[in-house]
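Novice: Structure for this input, please:
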Amino acid sequence: MEMRENMPGILFQSVERARKQAIQTELSRRGLGTLGQPMILFLLKDKGREGRIAAQKELSDAMHVSPATVAVSLKSLEREGYVEKLADETDQRRKAVRLTPKGEAAIQRCVQVFEAVDQSMFEGFRPEETRQACGYLMRMLHNLRGDLPPERMNCQC
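Specialist: Numbering: from 1, shown residues only. Okay, here's the model as predicted:
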């Protein structure tokens, strides 16, 4: 299918799919093919820095996906030893989730993968062009999502 300039949505979708595929390929190559949704690990790490343990609902809200989607991902991450679920001390109906040491180590390797893929994606761009591209994307995200702070937009720019 020919990309047309007047169809930026298709172009964005194509770039995002290609980036996700490149990330998944590289994660698999580095022995992390079972991660599924690495973003969950990053969110858990952020909660841990705050001295908190995250609940599934918090994760689904932050990722803008259904709690069921997060539950499936967490089950896989738990089975692979990246996270552990704990009974919430304040609410027994709620399951808290935290990283294991294996999950912590996986985050470092994920960062390397994301950096390598992004470097590849921006190959041939001058630093100023990369900054401009990220700036344009942030403005678009703001236009679509409103006044959410960047950390709630899941943008790594």
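Novice: Neighbours of L144, how many?
Specialist: L144 sits with 9 neighbouring residues when counted by other Cβ atoms under 10 Å. C-beta here means a position set from N, CA and C on the backbone, and glycine is covered the same way.
Novice: so it sits in a helix?
Specialist: Yes: the assignment for L144 by DSSP: H, G, I helix; E, B strand; the rest coil puts it in a helix.
Novice: From D46, how far out is the residue sitting nearest the centre point of the chain?
Specialist: Per Cα atoms, centre = their mean, the C-alpha nearest to the average position across the chain is that of M39, at 2.9 Å. Using Cβ to Cβ, to the nearest Å, we find M39 at a distance of 11 Å from D46.
Novice: would you say G36 is within a strand?
Specialist: No: checked against three-state DSSP, G36 lies outside a strand; its state is coil.
Novice: Okay, strands next: where are they in this protein?
Specialist: Along the chain, counting by DSSP state E, strands occupy 54-55, 83-87, 95-99.
Novice: Each with direction, which strands does the first one pair with?
Specialist: The strands beside strand 54-55 in its sheet (DSSP bridges) come out as strand 95-99 (antiparallel).
Novice: now the partner strand, how far from the centre of its chain.
Specialist: For strand 95-99, the distance from its own C-alpha centre to the chain's C-alpha centre is 17 Å (Cα atoms, centre = their mean, to the nearest Å).
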